[in-house]
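Asks: here is a sequence with its predicted model. Questions after.
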Amino acid sequence: MALINTLLEVDHLSISFGGLRAVDDLNLSIKKGELYGLIGPNGAGKTTAFNLLTGVYKPNEGIIRLDGKNITGLKTIEINKAGIARTFQNIRLFKELSVLDNVKLGLHNLYSYSTLAAILRLPSYRKVERDMDKRAYELLEVFGLKESAHLKASQLPYGKQRKLEIARALATNPKLLLLDEPAAGMNPQETRELMQTITFIRDKFNLTILLIEHDMKLVSGICERLTVLNFGRVLAEGPTGEVLKNPEVITAYLGE
Amino acid sequence: MAFLSYLINGISLGAVYAIIALGYTMVYGIAKMLNFAHGDVIMVGCYTVFSVVSMAHLPVWLGIIISVAVCTVLGVTIEAVAYRPLRQASSSLTVLITAIGVSYLLQNLALLIFGANSKAFTSVVPIKAVKIADKLTITGETIVTVIACIIIMIVLTLFVNKTKAGRAMLAVSEDKGAAQLMGINVNRTISLTFAIGSALAAIAGVLLCSAYPSLTPYTGSMPGIKAFVAAVFGGIGSIPGAFIGGIILGVIENLSKAYISSQLSDAIVFLVLIIVLMVKPTGILGKKLQEKV
Amino acid sequence: MKSFFKKNKDTLITLGIVTIAYIIIEIFVKSGSISSLFKGLLVPICSYIILAISLNLTVGILGELSLGHAGFMCIGAFTSAFFSKLTVGVITPDWLRFILAILIGFLFAGIFGFLIGMPVLRLKGDYLAIVTLAFGEIIKNLMGVLYVGRDSRGLHLSIKDSISLGLEEGGQVIINGAQGITGTPKDSTFTAGFILIVISLIIILNFINSREGRAVMAIRDNLIAAESVGINVTRYKLLAFSLSAALAGVAGVLYSHNLNSLMATTKNFGYNMSIMILVFVVLGGIGSIRGSLISAVILTLLPELLRGLSTYRMLIYAIVLITMMLFNWAPSARAFRARIIDMLPFGKKKASDKEVQ
């Protein structure tokens, strides 16, 4: 049942690797503008779900719809063009490139000039590069990375690398932003900053955000609704407050 | 009948490639590097036998033993001096280039000592050719080569699977870090790998030069490349793969020389490699590596 | 204007170095104080420079190991020489014919780069390397068995021998199998080489510092992340690879128009040549175009400068190569160098701008 308000609709999504059912009958319905959390113990299938949503894996069963459009089985590049961007659990930055260039790569599909224009340094090259620079600096500013713009991405401290990854994903102008453990490795101060940044970009850029997290402070602080995965299956879903009080959810995290 | 003869010669040639390929594939699987100088170690082995037998006039069996010893020491030394310091280097390209440097070094040393003229290599095989049904001649070299290859394959497989040192090699090839944590001396294991590979190279060289008796400082280079192709073809890192790859490559090369064109035989061998890799990108027996996203 | 200089600083420095070197060498040549040995090396050095910088596009910028670069040089050499021989006297002036020959070498090598790249670039790392080597050898082999002749009825092709071309009386064999092409007009000059180097540098450096160049480097640094931001990996891999091949073709044109006899031998178009260029690239710094340029010059001159030590020179070359690799890249050697740099007065500054929090 697709409501006009629903941005992401996932029906009966499943995938198996060998004999292991990594994601089993996943159903999701995320409204436009929501800040949605996907949580669960390690190995529950959360990143696998992300990989399914972004076309890294093809599901065995199920349908994914983004803003009414069926994107099941499409390639990563097409899904990005359709409006989904993501960050990765183990940061995947373009290490040898500058911070600025990392964000400019997020802008790759939004600006263009011909190879010939690049080689001959024609006016179209110069204008578009200026526009890309401007936009990239705007994004870097949101994450407090403007001063680091000319550093190599690998030279950034860990916390800033995670932010850069989000900035790059944001640059692709997505409708839905998938964040895979954005607070991993951050101290409480950084996590608080991140919580503010995430809510800020959701409001400023009209985003819908789906995030995977283990940090419960962040989850309870900014997520509006949650889905809990355990062994690939949905254990619970609903408003954050309720889900976190669910005894089965608590047991799943604390173990048997 | 002619076909059978070409086929058998191809298998013989392939057996030599297989022995060389085994050295390549072991070093690649365990030390994770392309030892470009491997072909030239073969050449060193040949010259050693040549020096001992044809110049010092000592018995053949002594020549072979000295050659194996020389190559083993050479291989281990090269690894310790030129490759080990670079093992931690960021790019695998650096070790490859250093290996190329070692290759140049060995070739030019041989050039300096023995000159560019090709030397006549006397075959080490004492067995005479065998005639079957009066139509098919199988040379003694062929028989010895194929038997040697089979023995080596069996011994190596047993060694890797049944002995402690062999299993250590397997462990290092799977995960160097974990192997180290389990108390395996990685440096020693890699040295052993090079030792075995180089010893095999010496044997391959002796067999190669017995069958194709002209020896120059560049003799090892092309067989080295072809053996590497064979190893990739069979699935790099796989011992049975090196064997299969070598034999098939030798057969294809010989049949191409006989039936199509001797100038194009190399091209055909390479073309077959390309086609196989298009269909199965990790080689015939190769394993697929999944990257974690 | 000022921002132009600032943004393209590195490119302009490299071009400046090349131009100054050209001027100095030309002065020496014109004044007659250059040995004929050195004069004979000028065009080959230009050729090697273009080969090295174009290979660095594949190895350093795209991040894929190619061991078949000489194959593309071979295609450029033969197609252009064939064209030139065919049109000697027909297309005048000579410099126009040469420019067309260069374009033909560029185009054909680029097309082959594209055709070969399509299947090859799907493979991973070492498999890709061995397949590029395989293609290089195939190309070299095929060129050695190719017979092409021309008579009043047109062109004839054979891979058997020159007789099966069935040429008429007065017909001309242009490509003669293993003997290749003889009598290519000697159009290559040091000045032409210099101009081609400058053009190649502009193409490569401006490509790298552009949207598409960034996409190529992104693919090198993290393919999966590149896909996740919507970059068409296949397309950019092919673009970089084809461009690299096309420029290798240009180097081949320079090479073939500098010889009377063009043959596809193991030495000039086989894997040995591909490997030699790779050594230039790695020693100059993977990804550093300027580095490739400098190392191509030095490593070509080195064996010649060592001629005094004639018998030992290649040996010394090999030892120098190994030593440089170890000294440059072994972590223990790097730590040693870092300690020395720290001890020097200006070394302190370098260490501090390394890690910025």
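Replies: Alright, I've got the coordinates.

Asks: can I assume residue C:214 is in contact with residue A:104?
Replies: Yes - between residue C:214 and residue A:104 there is a contact at 6.4 Å, judged by Cβ atoms under 8 Å. Where you see a C-beta, it was placed from the backbone N, CA and C, and this is true even at glycine.

Asks: which stretches of the stretch 151-256 of chain A have low pLDDT?
Replies: A:255-256 (pLDDT under 70).

Asks: so what sits opposite the spatially most central residue of chain A in the bridge?
Replies: Residue closest to the mean C-alpha point of chain A, counted by Cα atoms, centre = their mean, is residue A:178 at 1.9 Å. Here residue A:178 sits in beta bridges with residue A:86, residue A:210, going by DSSP bridges.

Asks: mind listing what it touches?
Replies: Shown in contact with residue A:178 (Cβ atoms under 8 Å, 6 or more residues apart in numbering or on different chains): A:50, A:53, A:54, A:84, A:85, A:86, A:87, A:169, A:209, A:210, A:211, A:212.

Asks: next one: residue A:7
Replies: Counted by Cβ under 8 Å, 6+ apart, residue A:7 has contacts A:30, A:31, A:32, A:34, A:66, A:67, A:175, A:176, A:208.

Asks: again, only this time at 6 Å
Replies: By Cβ atoms under 6 Å, 6 or more residues apart in numbering or on different chains, the contact set of residue A:7 is A:30, A:32, A:67, A:176, A:208.

Asks: part of a helix, is it?
Replies: No - counting by DSSP: H, G, I helix; E, B strand; the rest coil, residue A:7 is not found in a helix; it is strand.

Asks: which residues of chain C lie near chain B?
Replies: C:119, C:123, C:127, C:130-131, C:134, C:137-138, C:141, C:145, C:224, C:275, C:279, C:282, C:314-315, C:318, C:321-322, C:325-326, C:329-331 (Cβ under 6 Å from any Cβ of the partner chain).

Asks: which ones among these are found in helices?
Replies: Counting by DSSP state H, the part of the residues of chain C next to chain B found in helices is C:119, C:127, C:130-131, C:134, C:137-138, C:141, C:224, C:275, C:279, C:282, C:314-315, C:318, C:321-322, C:325-326, C:329, C:331.

Asks: so which of the residues you listed also contact chain A?
Replies: The subset of those within reach of chain A, by Cβ under 6 Å from any Cβ, is empty.

Asks: now, of these, which are buried?
Replies: C:127, C:130-131, C:134, C:137-138, C:141, C:224, C:275, C:279, C:282, C:314-315, C:318, C:321-322, C:325-326, C:329 (16 or more other Cβ atoms under 10 Å in any protein chain shown).

Asks: contact residues of chain A facing chain C?
Replies: Near chain C, when you scan chain A using Cβ under 6 Å from any Cβ, you find A:76-77, A:80-81, A:86, A:92, A:94-97, A:101, A:105-106, A:108-109, A:115, A:118-119, A:151, A:157, A:172.

Asks: make a ChimeraX selection of the buried ones in these.
Replies: Command for ChimeraX that selects the buried part of those, burial taken from 16+ other Cβ under 10 Å:
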select /A:76,77,80,86,92,94,95,96,97,101,105,106,108,109,115,118,119,151,172
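
Asks: now intersect the residues of chain A next to chain C with the strands, please.
Replies: residue A:86 (DSSP state E).

Asks: any chance you could map the strands in the chain?
Replies: By default, I'm working from chain A. A:6-17, A:20-31, A:35-39, A:61-66, A:69-70, A:84-86, A:176-180, A:208-212, A:225-230, A:233-239.

Asks: chain B is the one I meant
Replies: Under DSSP E, chain B gives strands at B:119-120, B:130-132, B:136-138, B:214-215.

Asks: please work out which of those strands is packed deepest.
Replies: strand B:214-215 (a mean of 18; mean count of other Cβ atoms under 10 Å in any protein chain shown).

Asks: quick one: strands adjacent to it?
Replies: Assessed with DSSP bridges, strand B:214-215 is paired to strand B:119-120 (antiparallel).

Asks: can I get the CA coordinates of stretch C:148-158 in PDB?
Replies: Provided in PDB are the C-alpha atoms of stretch C:148-158 (Å, rounded to 0.1, in the frame of the first residue of the first chain):
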ATOM      1  CA  VAL C 148      50.700  -6.200 -47.100                       C
ATOM      2  CA  GLY C 149      51.300  -5.200 -50.700                       C
ATOM      3  CA  ARG C 150      50.000  -2.700 -53.100                       C
ATOM      4  CA  ASP C 151      49.600  -2.700 -56.900                       C
ATOM      5  CA  SER C 152      47.300  -1.000 -59.400                       C
ATOM      6  CA  ARG C 153      44.400  -3.200 -58.300                       C
ATOM      7  CA  GLY C 154      44.700  -2.000 -54.700                       C
ATOM      8  CA  LEU C 155      45.900  -3.400 -51.400                       C
ATOM      9  CA  HIS C 156      46.500  -7.100 -50.700                       C
ATOM     10  CA  LEU C 157      46.800  -8.900 -47.400                       C
ATOM     11  CA  SER C 158      48.400 -12.200 -46.400                       C
END
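
Asks: buried set for that stretch?
Replies: C:148, C:149, C:150, C:151, C:156, C:158.

Asks: pretty sure the second one is touching residue C:156, no?
Replies: It refers to residue C:149. Yes - with contact defined as Cβ atoms under 6 Å, residue C:149 counts as touching residue C:156 (4.9 Å).

Asks: anything in contact with each of the two?
Replies: residue C:165.

Asks: name the nearest residue to the residue lying farthest from the centre of chain A, ignoring sequence neighbours.
Replies: Here chain A reaches farthest from its C-alpha mean at residue A:120, the gap being 37.0 Å by Cα atoms, centre = their mean. The spatially closest residue to residue A:120, leaving aside those adjacent along the chain, is residue C:206, at 7.7 Å (Cβ to Cβ, 6 or more residues apart in numbering or on different chains).

Asks: now do residue A:223
Replies: residue A:37 is the one closest to residue A:223 (Cβ to Cβ, 6+ apart), at 3.5 Å.

Asks: now do the helices in chain A.
Replies: Counting by DSSP H, chain A has these helices, from start to end: A:46-53, A:76-82, A:99-106, A:115-120, A:123-142, A:158-171, A:188-204, A:216-222, A:240-245, A:247-254.

Asks: now residue C:182, which residues is it bridged with?
Replies: Applying DSSP bridges, one finds that residue C:182 bridges with residue C:261.

Asks: doesn't residue C:261 make contact with it?
Replies: Yes - between residue C:182 and residue C:261 there is a contact under Cβ under 6 Å: 5.1 Å.
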